[in-house]
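Q: Got a predicted structure here, sequence first:
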Amino acid sequence: GSGIGLATSRAFAAHGAEVVCADLDLAAARRAAETIGKDLGSTAHAARVDVADMDQMEKFSRNIIAQYGVPDIVVNNAGIAVIGSFLDHTVDDWRRAIDINLWGVVHGCRLFAAAMVERGQGGHIVNVASLAAFAPSRLLPAYSASKAAVKMLSDCLRAELAGHDIGVSAICPGFVSTAIARNATYTGVDLHDDAVRGLARRGYPPERVAAYVLRAVHRNQAVVPVNMEGKIGYTLSRISPRAMRGLARLTETRRYPQIGGNEPPYGRR
C-alpha cells in the first residue's frame, strides 16, 4: 500500500504484469490498485492480509490462487523497525518484529513456493531484506536479526528451488525515503523526529529500489544490495566482517548518553 511495496507493484504493472496489492490496511491496498489502473491502465487487485498470521496467510494464498492462478512472481516486502538498545527491547517488541519481518516472509515463501513447484512452470520469489542483514547496529538488534534471517532463508530457498526453475532474490537496501521511520517503535530513545528527517534528507525514493527488484527477477540475482551504503556495507561485510563489527561499536556518547551512542537508525529496509 505504500513505500517499496507500492513502488514495486507499479513497476511490475508498468511492465505488463497483473498485480495483487496486499496490505494490512485494505484501504491503502485499494488506493494502490486504483492508481495502478488509472495511471498505468494495468490490471490490479487489492487484498487485506496480516502476514504475521499463519491462518490469514493460508487463506490469502488459497484465495489468490483460486481467483487469479498461481503467481509467477511473489514479493515479500512487509516490515517494521524497532529502534533502541537491546536492553530496552521488550519481549513483545521482539515478537512483533520477528512475526512480521521473518515469519511473514516464511509464510509467503512456504505457501506460494509450494504452489509454484506443483504448477511446474517456474517462477520467482523476492524477499526484501536490508543493509541491516549484514551490517550490525547497536540500535537495531531485533530488526537486524530478523533481516539477517530473511537473507539466509533466501539463500537456502534459492538452493532448494533452483531445480524447479524458481529463482529467489534477497533485496538489501540501505536508507530509503519511506515511512518506516515514522511508523517504527522507539524503545528507550527519543529519535523519532531525527529518524524521519534523516530518511527524508537521504532522498532515495522507493521507485529506485523497485528498479532493482525488477532487474533481480530478470537476471535471477541472489543478493542485491541497493544504493551506495547498501553496496559499501555488503562489500565490506564480505571483505572484513571484523571491520563491520568495529563500526557498530564506534558511536558517540554525547547526544544520547542513556544508550551510549547517536547512530542514526533510519529504518533500514
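A: Sure thing, it's come through. Numbers count the residues shown, from 1 in each chain.
Q: Could you list the low-pLDDT ranges of the protein?
A: By pLDDT under 70, the low-scoring segments of the chain are 251-269.
Q: can you pull out the strands in this structure?
A: For the chain, the strands defined by DSSP state E cover 19-23, 44-48, 73-76, 82-84, 123-128, 166-173, 185-187, 223-226.
Q: Residue 157 and residue 110 touch, don't they?
A: No - using CB atoms under 8 Å as the test, residue 157 is too far from residue 110 to be in contact (9.3 Å). Just so you know, the C-beta spots here come from the backbone N, C-alpha and C atoms, and that holds for glycine as well.
Q: quick one, which of the two is more surrounded?
A: residue 157 (21 against 14; other CB atoms under 10 Å).
Q: got the contact list for that one?
A: Each residue near residue 157 by CB atoms under 8 Å, 6 or more residues apart in numbering is listed here: 109, 113, 125, 168.
Q: quick one: contacts for residue 129?
A: Listed by CB under 8 Å, 6+ apart, the contact partners of residue 129 are 147, 148, 150, 151, 154, 170, 171, 172.
Q: Dihedrals phi and psi, it?
A: Dihedral pair for residue 129: phi -100, psi -130, per degrees, to the nearest 10.
Q: do you know how far it is from residue 143?
A: Using CB to CB, to the nearest Å, we find residue 129 at a distance of 11 Å from residue 143.
Q: Test my guess that residue 147 contacts residue 132.
A: Yes - look at residue 147 against residue 132 with CB under 8 Å: they come within range, at 4.8 Å.
Q: Settle this for me: residue 230 is touching residue 131, isn't it.
A: Yes - in this structure, residue 230 is within contact of residue 131 by CB under 8 Å, at 4.7 Å.
Q: any shared contact partners between the two?
A: Joint contacts of residue 230 and residue 131 (CB under 8 Å, 6+ apart) are 172, 173, 174.
Q: Derive a PyMOL selection command for the buried subset of those.
A: Selecting only the buried entries of the shared contacts of residue 230 and residue 131 in PyMOL, with 16 or more other CB atoms under 10 Å as the criterion:
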select buried, resi 172+173+174
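Q: Residue 238: which of the shared contacts of residue 230 and residue 131 is nearest?
A: Within the shared contacts of residue 230 and residue 131, the smallest distance to residue 238 is 12.3 Å, found for residue 172 (CB to CB).
Q: Which residues are in contact with the closest residue to residue 93 other than its chain neighbours?
A: Leaving aside its chain neighbours, residue 93 sits nearest to residue 82 (4.7 Å; criterion: CB to CB, 6 or more residues apart in numbering). Remark: with contacts taken as CB under 8 Å, 6+ apart, residue 82 is in contact with 89, 93, 94, 96, 97, 140, 142, 143, 184, 185, 187.
Q: With residue 150 instead?
A: Applying CB under 8 Å, 6+ apart to residue 150 gives the contacts 101, 102, 105, 127, 128, 129, 130, 133, 170.
Q: Relative to residue 60, which of these is nearest.
A: Taking CB to CB as the measure, residue 105 is the one of the contacts of residue 150 closest to residue 60, at 14.2 Å.
Q: The closest one - nearest residue in space that isn't next to it in sequence?
A: Take residue 105 and drop its neighbours on the chain: the residue closest to it by CB to CB, 6+ apart is residue 76, 4.4 Å away.
Q: How about residue 212?
A: Leaving out its chain neighbours, the residue that sits closest to residue 212 by CB to CB, 6+ apart is residue 226, at 4.9 Å.
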